[in-house]
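Novice: Mind folding the following:
(chains A and B)
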Amino acid sequence: MVNFEICESTRQWCRYTEFYVEHRQRMIEGYLVKDALADVKNCMRHGRAAILTDESGEAIGIGSFVLGVESEKFADKNIAVLGNSFFVEKYRSNRTFVRGLQTLAEQIADMNGDVKEVRIPTASGNPYTNGLYRKIARQTGTMETRYGTFQIYSASYDEFASFCDRFH
Amino acid sequence: MIAWSIADNEADRELGAKFLCRHGTELGLLYSWSTVMSSLSYAMEDNGFLIGRDRDGRVAAVLAHTVGTLDDGYRDLSKVEIHLLYLEEGRREGATLLSGLRAFVRHLLESPRETKEVVFFTPSNEENRRRFGKVATRVKTTEPPCGTLDYYAIPMDRLLRFDAG
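Specialist: Numbers count the residues shown, from 1 in each chain, chains lettered A, B, ... in the order given. The predicted structure follows:
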């Protein structure tokens, strides 16, 4: 059984950060520690994050979002942008991913009930995440970063939430 | 005995960041973890993240600093701000602190940019005033939302005395 904890306390954010730093290069090749730490800062200030744990309390994954687009100084709070998510291999083929998305959808609505759009950027070279996000959202553009090309997927909040609800 | 070095590669930065995560609730700071993340990220950008290893090679201490200070919007690059100094419990004796300061001073001396002054904030209390008042000048006391902070400055020539040993 996987538990989803929304990060609130410093202890939870520390755990989230440690897991993110540990696995950052499994999410994005060559991802720098300083960029992972800046992501945590942005997430704490403009969004929310969850840490996933197994029965023994061991961290097995993370997920997050921010409201607003970083390059636009997070001004438009009606856009939710999902952050880098990761689960250890053992949990990838079960329903953990969908349950994680359900949790994020609930948290997005809780933080701002007026969110209209959910964006999901992911590295072009990651077949696992691209395969998953293609099922949820439309690929609407690309973005050049220091880590190469990223695909941007987009869905309305209602489409995103109803995809997640199918599995309730 | 702690051996200090600049964390100038990803492996060392990861070790230092994970060490801080494990001690994140004991840092003695008034500000939030998001501010710690911001400080560390900028310190790494400026190559200002030092780690101290014990004789087994484990990280036991860290020091993070940036070139320039938030106080003047990072305009005066002859100032360096120490954002964080954390020593594992049991490592807080004067020798570890002194070796950390020496490593820090040597790093500044090896930098191509001239440093004239080092500044830092601490929570405002009598213990900190006793501890830091011996080596630095308390310039002002500020009251940001996180609490009351004292702002200290040390001219570089005074810091150089720590490198004399």
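Novice: Kindly report the residues of chain B close to chain A.
Specialist: B:10, B:13-14, B:17-18, B:20-22, B:24-25, B:32-35, B:37-38, B:40-41, B:44-45 (Cβ under 8 Å from any Cβ of the partner chain). Bear in mind the C-beta positions are built from the backbone N, C-alpha and C, glycine included.
Novice: Can you tell me the element the residue lying farthest from the centre of chain A falls in?
Specialist: In chain A, counting by Cα atoms, centre = their mean, A:Ser56 sits farthest out from the average C-alpha position, at 23.4 Å. Secondary structure from DSSP states H and E places A:Ser56 outside every helix and strand.
Novice: and it, what pLDDT?
Specialist: pLDDT recorded at A:Ser56 is 95.
Novice: which ones are touching residue 79?
Specialist: Defaulting to chain A. A:67-69, A:115-119 (Cβ atoms under 8 Å, 6 or more residues apart in numbering or on different chains).
Novice: My question was about chain B, not that one.
Specialist: Contact partners of B:Lys79, counting by Cβ under 8 Å, 6+ apart, are B:68-69, B:72, B:115-119.
Novice: before we move on, the earlier item: which one (most neighbours) among the contacts of A:Ile79?
Specialist: Among these, the one with the most neighbours (other Cβ atoms under 10 Å in any protein chain shown) is A:Val118, at 26 neighbours.
Novice: Buried only: go through the contacts of B:Lys79 for me.
Specialist: Among the contacts of B:Lys79, those that count as buried by neighbour count (16 or more other Cβ atoms under 10 Å in any protein chain shown) are B:68-69, B:115, B:117-119.
Novice: Out of the contacts of B:Lys79, which one has the weakest pLDDT?
Specialist: Least confident entry in the contacts of B:Lys79, by pLDDT: B:Asp72, with 86.
Novice: Ramachandran angles for the nearest residue to that residue once chain neighbours are set aside?
Specialist: Nearest residue to B:Asp72, sequence neighbours excluded (Cβ to Cβ, 6 or more residues apart in numbering or on different chains): B:Lys79, at 7.7 Å. Dihedral angles phi and psi of B:Lys79 (degrees, to the nearest 10) take the values phi -100, psi 140.
Novice: just A:Lys116 next, same as before
Specialist: phi -100, psi -30.
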